[in-house]
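Chemist: okay, structure incoming, though there's no sequence with it:
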């Protein structure tokens, strides 16, 4: 079991989205995406609020985090505008208090994520022996590569595509991540994706992982959020 004060919970955000301008602070169902993710993490882990951090650069995001009494890591302008370097994007990796050995990242672009799922992910990380955890969506379907080759193992004895018989495949959810902090110094995150079992997988519901990366997704997510 990992010490509870060894895990930093980080919500990282910025305002320079090209496809959905300023999506983290745009009005969304009476709130904003950034307000929403902070509120959900606080609800999921109320006794861990001292370990919740917002990694932000723009004053608008800083103000939202301050109003919720969230720790603030003052992200640099370079980090907020750079997608190319792991150590630059996650520049907090060697600047957080020394008691932190692990980091849990929660994406702010998935407004249908439930607090209960955040809590379950955190509890599994604490209790498991493995030092990483990555949220995925289970799929029972068939996939081909760009050469047109079927990469899903064909179920033995089947003559037609049968999703009930096919072996499950796991798709990255891009919403919840956990890693040892010192791996980032080695320009790695979570672990070795090429080694079978190198990354511990956490299965979650597909709808909760609905991601906002385009304008139409922002509009659909808002309607879904208001309906559910």
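Modeler: The structure has been received and is ready for your questions. What you are looking at is a predicted structure, and each value in this text was computed from that prediction instead of being measured.
Chemist: okay, the residue sitting nearest the centre point of the chain: pLDDT?
Modeler: In the chain, the C-alpha nearest the mean C-alpha coordinate belongs to residue 175, at 2.5 Å (CA atoms, centre = their mean). On the pLDDT scale, residue 175 is placed at 98.
Chemist: which ones are touching it?
Modeler: Contact partners of residue 175, counting by CB atoms under 8 Å, 6 or more residues apart in numbering, are 106, 107, 109, 110, 113, 135, 204, 208, 209, 211. C-betas here are computed from N, CA, C, even on glycine.
Chemist: one more: residue 86?
Modeler: Contacts for residue 86 (CB under 8 Å, 6+ apart) come out as 184, 187, 188, 189.
Chemist: can you pull the phi/psi pair for it?
Modeler: Here is the backbone geometry of residue 86 (degrees, to the nearest 10): phi -60, psi -50.
Chemist: show the residue spans covered by the helices in this protein.
Modeler: Using DSSP state H, the helices of the chain run over 33-44, 59-67, 77-80, 86-89, 115-127, 215-227.
Chemist: dump those helices into CSV; add distance to residue 100 and mean pLDDT as well.
Modeler: Formatted as CSV, the helices of the chain follow (distance: least, CB to CB, whole Å; pLDDT from 0 to 100):
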stretch, distance to residue 100, mean pLDDT
helix 33-44, 16, 98
helix 59-67, 18, 98
helix 77-80, 18, 93
helix 86-89, 16, 92
helix 115-127, 13, 98
helix 215-227, 31, 98
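Chemist: what's the closest of the ones you listed to residue 165?
Modeler: For residue 165, the closest of the helices of the chain is helix 115-127, at 28.6 Å, according to CB to CB.
Chemist: what's in contact with stretch 160-174?
Modeler: Where contact means CB under 8 Å, 6+ apart, the residues beyond stretch 160-174 that reach it are 107, 110, 134-143, 152-153, 155, 158, 201, 203-204, 208-209, 211.
Chemist: can you check stretch 53-63 too?
Modeler: With CB under 8 Å, 6+ apart as the test, stretch 53-63 has contacts from 8-15, 24-25, 34, 38, 64-65, 70-77, 79-80, 92, 96.
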